[in-house]
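S.K.: Predicted coordinates and the sequence they were generated for:
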Amino acid sequence: MKKTGIDAISFYVPPLYVDIKKLAHKRNIPYEKLNKGLGLKKMSFPDCNEDTASFAANALLNLILSNKINPKEIGRIYLGTESALDGSKPTSSYVIEILEKILQKKYGPRCFKNCDIVDLTFACVGAVDALQNCSDWVKNGVNRKAIVIASDLAKYEIDSTGEYTQGAGAIALLVSENPNIISITDAWGIATKSVGDFFKPRRVYNKKDILKETANLIGRNISDQEAISILNKNKSNFWSPSNNYFELYKEEPIFQGQYSNECYEERIFEAIDHFKQQKQINIFKDWQHFIFHLPYAYHGRRMMIKKWVSWLSENGGLTKLCNEIKDNGSINKPEFFSKAGKSKLYFNFLREKIVAGEAASSEIGNMYTASIFMSLLSMLTKALNDKKELKNHKIGFISYGSGSKAKIFEGTV
């Protein structure tokens, strides 16, 4: 059977960053809460001339140059993002425009002329959708090559509980036959449910009310009638009476942190069950590594504790856990999971299968669509530095997008 998957990886992270220790001090938050509790150290921050398109263009250019890729051989470039620059024109089109100018001298004009491009948006899982789509496309052709890009800016309101989990950057993946890095199996566990845990609505404001507030700022109080009269007489495009409302789009989301955690947990558990319906597998034993979408570095380990306990029970290890934490009576109650999460057994599991994928998130922050692939790169880099052989290791990928959808898939190194 033909193998397809990730043949090469490149990335771009803005060189600017915010030190979490300094941010914690400024916000009067105990640094230990953010560092020891969430695993945060730094968060990447874009310069004033950077955006989602420039992140993606840098990652794609690095991929092409580092791997000597002929852009004319790429049939698809699918970009996952929830930080699109436009409501209609895809961010991927800006990326291609930038790259064609840079590569024109070597490859001639419009080197991506026959390349299919598109943006896929489903919160943080959009690039995983792109990977599944491109992997299937490569598998159903001959010598096809595709590129998946994940590019995002995670931006939250100042002083919000999301402020310290911001981040930015992009990942670019070459998807091909007989890949050098990861081959991906055909089984995909999926779980979907419409929820309102995190979203970026178009905010609507009445022009009359805005005008009254503006007047109040300069010390004038005007009535509704006066405001309407002023608006009707003005000739500016901004205050035009042809529309009574301003429509405003903001990158900062409306979110419910705890509810989003619950949705993340529910969807990934459902998707894991769906994955196991397609492939007979003992996840606890068969997966040597777990790679997560990480809104913050320690998020995956927090979300998996209940599933880990159930796996432990299925594999005959629950008695050992109960003996260690000295608790036999409150199994499946919150206090039991709290104790289990602090056990040596769980820390050993984390150290062996999860911790290596957390390091990059600690240094970069939340990359939205790119975070799961940066977690993969983090794990691979740790293995390289430690001279650890990974060939034929099984990796379980656990992705989530608010709104909500989870996808579970498996890769072999």
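M.R.: Now that the structure is in, tell me what you want to look at.

S.K.: can we go C-alpha only for contacts and neighbour counts from here?
M.R.: Fine.

S.K.: ok, and what's touching stretch 211-227?
M.R.: By C-alpha atoms under 8 Å, 6 or more residues apart in numbering, the surrounding residues in contact with stretch 211-227 are Lys208.

S.K.: Kindly format the C-alpha coordinates of that stretch as PDB.
M.R.: In PDB, the C-alpha atoms belonging to stretch 211-227 read as follows (Å, rounded to 0.1, in the frame of the first residue of the first chain):
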ATOM      1  CA  LEU A 211     -21.600  59.700  18.100                       C
ATOM      2  CA  LYS A 212     -23.200  60.500  21.500                       C
ATOM      3  CA  GLU A 213     -20.400  58.800  23.300                       C
ATOM      4  CA  THR A 214     -17.800  60.600  21.200                       C
ATOM      5  CA  ALA A 215     -19.400  64.000  22.000                       C
ATOM      6  CA  ASN A 216     -19.500  63.100  25.700                       C
ATOM      7  CA  LEU A 217     -15.700  62.500  25.600                       C
ATOM      8  CA  ILE A 218     -15.100  66.100  24.500                       C
ATOM      9  CA  GLY A 219     -17.500  67.400  27.100                       C
ATOM     10  CA  ARG A 220     -20.700  67.800  25.100                       C
ATOM     11  CA  ASN A 221     -24.000  66.100  25.800                       C
ATOM     12  CA  ILE A 222     -26.300  65.700  22.700                       C
ATOM     13  CA  SER A 223     -29.700  64.200  22.500                       C
ATOM     14  CA  ASP A 224     -30.800  61.400  20.200                       C
ATOM     15  CA  GLN A 225     -32.500  63.900  17.900                       C
ATOM     16  CA  GLU A 226     -29.400  66.100  17.700                       C
ATOM     17  CA  ALA A 227     -27.200  63.000  16.900                       C
END
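
S.K.: for the record, mean pLDDT for the host helix or strand of Ser229?
M.R.: Assigned by DSSP states H and E, Ser229 belongs to helix 224-233. The average pLDDT within helix 224-233 is 89.

S.K.: Pull out the CA atoms of the helix or strand following that helix and give them to me as CSV.
M.R.: From helix 224-233 onward toward the C-terminus, using DSSP H and E, the following helix or strand is strand 245-249. Output of strand 245-249 as CSV, limited to C-alpha atoms (Å, rounded to 0.1, in the frame of the first residue of the first chain):
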residue,chain,number,x,y,z
TYR,A,245,-24.6,50.7,12.0
PHE,A,246,-20.8,50.2,12.1
GLU,A,247,-19.8,46.6,11.6
LEU,A,248,-16.5,45.9,13.3
TYR,A,249,-14.3,42.8,13.2
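
S.K.: Partner strands of strand 245-249 and their direction?
M.R.: strand 202-206 (antiparallel) (DSSP bridges).

S.K.: Kindly provide the distance from the residue nearest to Glu389 when sequence neighbours are not counted to His393.
M.R.: Distance criterion C-alpha to C-alpha, 6 or more residues apart in numbering; nearest residue to Glu389, sequence neighbours excluded, is Ala383 at 7.1 Å. From Ala383 across to His393, the span is 12 Å (C-alpha to C-alpha, to the nearest Å).

S.K.: Mind listing the shared neighbours of the two?
M.R.: Common neighbours of Ala383 and His393 (C-alpha under 8 Å, 6+ apart) do not exist.

S.K.: Identify each buried residue in stretch 336-353, please.
M.R.: Phe336, Phe337, Lys339, Ala340, Gly341, Leu345, Tyr346, Phe347, Phe349, Leu350, Lys353 (16 or more other C-alpha atoms under 10 Å).

S.K.: any idea which helix or strand carries the second one?
M.R.: Read that as Phe337. Using DSSP H and E, Phe337 falls in helix 334-340.
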